[in-house]
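K.L.:
starting from these lines, generate the structure:
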Amino acid sequence: MNPAPPSLSAAKKTGAPAWRRRLPLLGGVLLVLLIVIGLRPRAVPVEDAGVTRGSLVVTVDEEGMTRVKNRYIVSAPVAGQLRRIDWKAGAVVEAGKTVLAVLETSGADFLDARSQAQAEARVHAVESNREMASAQRERARAGHALAQADLGRYRALLDKNTLSKQEFDVAMMRETTAAQEERAAEFALQVAEFELQQARALLLRGQAATVDLAGASRAGPLPSAPAGNAEPLVITSPVNGRVLRVFQESSRVVPGGFALLEVGDPADLEVRVEVLSRDGVAIQPGARVILDQWGGSQPLEARVRLVEPSAFTKISALGVEEQRVYVVADFVDAFEKRSTLGDNYRVEARIVTWEAPDKLRAPTGALFQRGGAWHAYAVENGRAHLRTVKVGHSNGLQTEVLGGLNEGDRVIVYPGDKVNDGARVAPLAVTDN
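P.N.:
Residues are numbered from 1 along each chain as shown. Have a look, this model is predicted:
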């Protein structure tokens, strides 16, 4: 016979409360939740940046040196005793007026029949060179005048928005190049006139010495020194400018052709930049050059005039052989902006090989290759999504995006091995372009 069940009131008196009986169950559920939360992958901290639209400039960055474009080394035309040269580097000189050196020639002016014929031939050759230099000067002047007129017409069209900025820049480059050619032609003509003056002077002095020597031989024994050589040979400056270097300052006996001074115009500077030959292939004459770290507060601008056709081998600091080539550029800025810049000064040159004013661009650090294609991780709703990206030009910091990303997208910069497709990410900082 089964006993009768206890009454509800008895159970309430003898049993535990209901919420206490559920404590083990609640504890187990809470433990499972903690385990699930603990095992859930944490968001990977990443640095992200935006995909923006703007200008993109691709450059070749190398060190360069300034140098005086038109320079002239004044040398002794004949052997003789050189008087002391008191000029110092930086002194202002004027063509045909400033006396640079004085040479006591003694009997060095004597010309035999052969030497006299050579001197006469040199005078004729220098006269021809002067005529050619004069013709080139006139041609350079005409070319500069035409380039200036074209630039004025192009500027009027640009003001009316009927001409592109690129075409105007090309016209400006042509005008700058024509001005440099005219300046170089003027310098060449000054040098030719100086050489002609020196050649004629040597011929006349030699003829005078020969006449004096012949007269003395008819009168009696030959003298030890011809009387016609009493006057010293005066060497004047061939060009307007400044003394760049003094090679021989003290008085001494010098042979013919011995270098004495170097003169030039420091205002007429150019920049010579060493670049790798593979980079020189992409540089075209007329390319824009930005010059930094030259000592001024603002960068200077220049234009490429020439990429030399012959390269040379240079050993890098790491001991690697490199094929390099010189790129020569002319300054565009006025002399007043670079008045303190001199010969053989160091500059940082950025030669523009490609530029566009409005391109979709992304940080180069956000792009990586996988399977022969470029990819990037885009951040959407706190997760990383792998995207295949089609890229264009790049300058090392920014890369042109041709497809796969849109303006305003956020991409992960330098993603680590913890980032994968669909992973939770937590941006730490914003690095917009």
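K.L.:
can you give me the helices in the stretch 101-250 of the chain?
P.N.:
113-159, 165-219 (DSSP state H, counting those that start in this stretch).
K.L.:
need the contact list for the residue nearest in space to the middle of the chain.
P.N.:
In the chain, the centroid-proximal residue (Cα atoms, centre = their mean) is A349; its distance is 3.0 Å. Residues near A349 by Cβ atoms under 8 Å, 6 or more residues apart in numbering: 61-64, 271, 273, 289-292, 302, 329. The C-beta positions use only the backbone N, C-alpha and C, and glycine is treated the same way.
K.L.:
just how off-centre is stretch 262-275 within its chain?
P.N.:
The chain centre lies 12 Å from the centre of stretch 262-275; the measure is Cα atoms, centre = their mean, to the nearest Å.
K.L.:
got the end-to-end distance for that stretch?
P.N.:
Its first and final residues considered, stretch 262-275 spans 28 Å by Cα to Cα, to the nearest Å.
K.L.:
can you tell me the element the residue nearest to the centre of the chain falls in?
P.N.:
strand 346-363 (DSSP states H and E).
K.L.:
same deal with A49?
P.N.:
A49 belongs to strand 44-50, assigned by DSSP H and E.
K.L.:
next: A384.
P.N.:
Residue-wise, A384 maps onto strand 383-394 under DSSP H and E.
K.L.:
export that strand to PDB, keeping only CA atoms.
P.N.:
The C-alpha atoms that make up strand 383-394 are tabulated as PDB, following Å, rounded to 0.1, in the frame of the first residue of the first chain:
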ATOM      1  CA  ARG A 383      35.300  43.500 -40.800                       C
ATOM      2  CA  ALA A 384      38.000  43.200 -43.400                       C
ATOM      3  CA  HIS A 385      36.900  42.200 -46.900                       C
ATOM      4  CA  LEU A 386      39.500  41.100 -49.500                       C
ATOM      5  CA  ARG A 387      39.200  43.000 -52.800                       C
ATOM      6  CA  THR A 388      41.100  42.600 -56.100                       C
ATOM      7  CA  VAL A 389      42.400  46.000 -57.200                       C
ATOM      8  CA  LYS A 390      43.600  47.100 -60.600                       C
ATOM      9  CA  VAL A 391      46.400  49.700 -60.200                       C
ATOM     10  CA  GLY A 392      48.100  52.200 -62.400                       C
ATOM     11  CA  HIS A 393      51.000  54.700 -61.700                       C
ATOM     12  CA  SER A 394      52.600  54.900 -58.300                       C
END
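K.L.:
check which residues of that strand are buried.
P.N.:
384, 387, 389, 391-394 (16 or more other Cβ atoms under 10 Å).
K.L.:
most widely separated two among the residues you listed?
P.N.:
Across the buried residues of strand 383-394, the longest distance by Cβ to Cβ is 26.1 Å; it joins A384 and H393.
K.L.:
contact partners for the residue nearest to F258 when sequence neighbours are not counted?
P.N.:
Excluding its sequence neighbours, the residue lying closest to F258 (Cβ to Cβ, 6 or more residues apart in numbering) is A76, at 4.7 Å. A76 makes contacts with 82, 101, 103, 235, 254-258, 260, as judged by Cβ under 8 Å, 6+ apart.
K.L.:
test my guess that I235 contacts V99.
P.N.:
Yes - contact criterion Cβ atoms under 8 Å: I235 and V99 qualify, at 7.2 Å.
K.L.:
ok, those two, which is more surrounded?
P.N.:
I235 (22 against 11; other Cβ atoms under 10 Å).
K.L.:
what bridges to the more buried one?
P.N.:
Counting by DSSP bridges, I235 is bridged to A101.
K.L.:
all further residue positions should be reported with the first residue as 9.
P.N.:
Will do, 9 is the new start, and the previous item becomes I243.
K.L.:
contact partners for it?
P.N.:
82, 84-85, 107-111, 206, 268.
K.L.:
which of those residues lies closest to A364?
P.N.:
V82 (49.5 Å).
K.L.:
okay, and the beta partners of the closest one?
P.N.:
L269.
K.L.:
how far does stretch 421-429 sit from its chain's centre?
P.N.:
So, by Cα atoms, centre = their mean, the centroid of stretch 421-429 is 37 Å from its chain's centroid.
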